[in-house]
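Peer 1: For reference, the sequence and a predicted model appear below.
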Amino acid sequence: MSLPAELVELEQRVSNWGRWGDDDQLGCGNLLDEEAVRRGVGSVRSGRRIGLAVDLKADGVQVGQPARRYNPILTVTSLNERDKFAPGIWEGTDDVVFMSTCAGTHMDALCHVSYGGKLYNGYPTSAVTAQYGASVLGAERLPKIVTRGLLLDVARVLGVECIDQVDPGYAITAADLDAACELARVTPEPGDVVLVRTGMMRHYREGDRLRYAVGNAHSLPGLSVHTVEWMHRHDVAGAFTDTYAYEAFPPTQPDWSDCLAVHLLQIRDMGMLQGQNWDLEDLAEACAEEGRGDVLLLAAPEPLVGASSTPVAPVAVL
């Protein structure tokens, strides 16, 4: 099975292979330059800080779809324990955690998805092994994000609390993103990061983990292939969403040949940063109160060597 012909044409239009050199492993992370940092810092007015990460916990966003994705399992390894080799009266507690690297709020590494036997920039999929993970494009290669973040509140644009109220599998278009930019009073510039709010995080916050993760009859709203060229045209460094799957489901093709097409085109072809399970609810309220959508975005992904995804605790500063 191959990509539909129209997506092959789109791939050729948006590909960044070789743009930053044949050995590049940063992709659109190259757009996070000093100018992007200054533009982000220039967005700070009140100094108000809002965390965008969900709590890492045993009953988190993972519900077993797909299989072998695990919420954090915390185990205490020493409890109020004295170290007999150290002086003093102190006691300490330590613990370990077992979890999927994409269990909560996370960023995907550029080795996360592939097709045609190739990863971003033409690296072979054989560079990822079960024993060692990714020898190229792993999570340790992801850049530290300090740039201008643009809250694109698609749910507010559509006048709903969550866009699954419009359609359980609502596919966000470029026109939706343009309307959200107008609402936020922003114009995307190279190196910006977009934070796309659908409102799906409301279901998770209200305790409906299944609806958040698998949607209504397995239909989920999200970004569509009709936004890929928009991201490329504006040269955004990354896009992060408040959804579980990132993109709309089900796919448009009856044979599912375009399944995860947004992932494939953005990560494998563009080298664009992306991630899911970002909690944008408090930020959306703050931006609505202040009549704006631009923030300083800070996000340092954990440099897990060889990992295909990694946890991140992003912060927006207004």
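Peer 2: Structure received.
Peer 1: Identify the residues contacting stretch 204-222?
Peer 2: With CB atoms under 8 Å, 6 or more residues apart in numbering as the contact definition, stretch 204-222 has outside contacts at 54, 59, 61-63, 65, 162-164, 166-172, 198, 200-201, 203, 241, 243-250, 262, 279, 281. Any C-beta I mention is one placed from the backbone N, CA and C, and that applies to glycine too.
Peer 1: Next: stretch 71-78.
Peer 2: By CB under 8 Å, 6+ apart, stretch 71-78 touches 56-62, 92-100, 103-104.
Peer 1: now Ala299, which residues is it bridged with?
Peer 2: Ala299 forms beta bridges with Ile145, as assigned by DSSP bridges.
Peer 1: how many neighbours does the residue lying closest to His112 once chain neighbours are set aside have?
Peer 2: Distances taken as CB to CB, 6 or more residues apart in numbering place Ser308 nearest to His112, at 4.6 Å, with adjacent residues excluded. Using other CB atoms under 10 Å, the number of residues around Ser308 comes to 19.
Peer 1: Ala261 too?
Peer 2: 23.
Peer 1: contacting residues around it?
Peer 2: Applying CB under 8 Å, 6+ apart to Ala261 gives the contacts Leu3, Leu7, Val225, Glu247, Pro251.
Peer 1: now the last one: how far from His218?
Peer 2: In this view, Pro251 and His218 are 11 Å apart by CB to CB, to the nearest Å.
Peer 1: between these two, which one's more packed in?
Peer 2: Counted by other CB under 10 Å, Pro251 and His218 do not tie: Pro251 has more neighbours, with 20 against 11.
Peer 1: What ranges in this protein fall below the confidence cut-off?
Peer 2: 1 (pLDDT under 70).
Peer 1: Spatially central residue in it, please.
Peer 2: What sits nearest the mean C-alpha location of the chain, by CA atoms, centre = their mean, is Gly275, with 1.2 Å.
Peer 1: ok, now which ones touch that one?
Peer 2: Thr105, His106, Met107, Asp108, Gly238, Phe240, Thr241, Tyr246, Ser309, Val312.
Peer 1: just Leu31 next, same as before
Peer 2: Neighbouring residues of Leu31 by CB under 8 Å, 6+ apart: Pro190, Gly191, Asp235, Val236, Ala237.
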